[in-house]
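**Q** Sequence first, predicted coordinates after that:
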Amino acid sequence: MSEFITSQEDFANPQSAEEHPQEWWNIWQKRLWPYSKMMIGDTLYWYVSSKRVIIASSKVTGVDRFHYESKADLFVRLQKFFGHAVNIYDAYTTAKPDQGYCLVFQVEVGGDLNIPRPADQKFPRDGWLELTCEKRRAWFGGPRIEDPGEPVATLDDYLPDGSPSTRVDLFSRLRELNQTMQDVNPERLKQLIDITIRNDSPIVQALKVAAGFQCQFPGCTANIQRKDGTPYVEVAHIEPVANGGKSVLGNLLVLCPNHHKEFDLGNREISHQNLLELIGRLNGREFAIRILA
């Protein structure tokens, strides 16, 4: 998943993780690049420009993005996403155009941080900085590189022993994996996921069981049988591993090979994503998928 440093001082100015809101929205007359970039599982570091420090980190737990035609339309969409009425008459929202684009998201806030802005780094005026490897090293000194001589682990090493015998057990394991995988170092992540997928690990198998060994793309009736008569499906990453995608709930789908390739190569737009649901368009076709039905 991606990492961003963001400043929301036009919207709110929390001074610590404790007072940090969990619900946010950005409004633009023209779409800024975070509109299509942000995904569930991404890390946001919160920067206070008046102090020139990062004060907290958080994980994105829900995302929606849409064009609104009026402030009334904006209010309805925000209320639907958050599940309660919101104040659109705050100074930030009132000052924004009556028509535009909205990126709305929820976060789970971590602990306090106190990371000063490096003297040789400028923070963008639009309030968003995507952390490339170079930028991450400049701000944080780079991630910890684990000893390459260590034995290679797979995702199964991060799971409790035993296989799921009921759907309750299955979902408990998936949620435990989801929490654990948030903290796996990026340098190990691709190696871990590659080996897991190749070896058809128990967690990947568990996802297939949860989907009933059926492609989750709406209307798909593909029924591919192996020589031994067992069904064949694949587990796909919504955000590709090559782009930092993690094996976490909300980023995994069970698909037939055709829809897997279409997701990877086709014209795909994700408009709404949370841990259980994915909504968007694929090559012009709208879809809504319950990830864990």
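**A** It's in.
**Q** C-alpha from now on. contacts and neighbour counts both.
**A** Noted.
**Q** now the helices for the protein?
**A** Ranges of helices in the chain, per DSSP state H, are 34-37, 71-82, 91-94, 133-140, 167-181, 186-198, 202-210, 257-265.
**Q** weakest of those helices in terms of mean pLDDT?
**A** Looking over those, mean pLDDT reaches its minimum on helix 186-198, with a mean of 44.
**Q** Now do the same contact list for residue 260.
**A** Each residue near residue 260 by Cα atoms under 8 Å, 6 or more residues apart in numbering is listed here: 234, 236.
**Q** got it, and residue 106?
**A** 22-24, 60-63.
**Q** Show me what it bridges to in the sheet.
**A** residue 23, residue 62 (DSSP bridges).
**Q** Show me what counts as buried in stretch 128-141.
**A** Buried residues in stretch 128-141, counting neighbours by 16 or more other Cα atoms under 10 Å, are found at 128-131, 136, 138-139.
**Q** Could you measure from the residue nearest to residue 139 when sequence neighbours are not counted over to residue 136?
**A** Of all residues not flanking residue 139 in the chain, residue 118 sits nearest, at 6.1 Å (Cα to Cα, 6 or more residues apart in numbering). Per Cα to Cα, to the nearest Å, residue 118 is found 11 Å from residue 136.
**Q** Could you export stretch 35-55 as CSV, CA atoms only?
**A** Extracted in CSV, the C-alpha atoms of stretch 35-55 (Å, rounded to 0.1, in the frame of the first residue of the first chain):
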residue,chain,number,x,y,z
TYR,A,35,-8.5,11.4,-5.6
SER,A,36,-7.6,8.2,-7.5
LYS,A,37,-4.5,7.2,-5.5
MET,A,38,-5.9,6.6,-2.0
MET,A,39,-6.8,3.0,-1.1
ILE,A,40,-7.8,1.1,2.0
GLY,A,41,-4.7,0.1,4.0
ASP,A,42,-2.7,3.2,2.9
THR,A,43,-0.8,5.0,5.6
LEU,A,44,-1.3,8.7,6.2
TYR,A,45,1.2,10.8,8.2
TRP,A,46,-0.3,14.1,9.5
TYR,A,47,1.9,17.1,9.1
VAL,A,48,1.3,20.4,10.9
SER,A,49,3.0,23.1,8.8
SER,A,50,3.0,25.7,11.6
LYS,A,51,5.1,23.4,13.7
ARG,A,52,6.9,21.8,10.7
VAL,A,53,6.4,18.3,12.3
ILE,A,54,4.5,15.1,11.6
ILE,A,55,2.3,14.6,14.7
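**Q** next one: that stretch to chain centre, how far?
**A** From the chain centre to the centre of stretch 35-55 is a distance of 14 Å (Cα atoms, centre = their mean, to the nearest Å).
**Q** For the residue nearest the centre of the chain, grab phi and psi.
**A** Residue closest to the average C-alpha location in the chain (Cα atoms, centre = their mean): residue 40, at 1.8 Å. The phi and psi values for residue 40, taken as degrees, to the nearest 10, are phi -60, psi 140.
**Q** How about the contacts made by it?
**A** 59-63, 250-251, 273-275.
**Q** again, 7 Å this time
**A** Residues near residue 40 by Cα atoms under 7 Å, 6 or more residues apart in numbering: 60-63, 250, 273-274.
**Q** Residue 289 now?
**A** By Cα under 7 Å, 6+ apart, the residues touching residue 289 are 216-218, 277-279.
**Q** So which of those are in strands?
**A** Assigned to strands by DSSP state E, the following of those qualify: 277-279.
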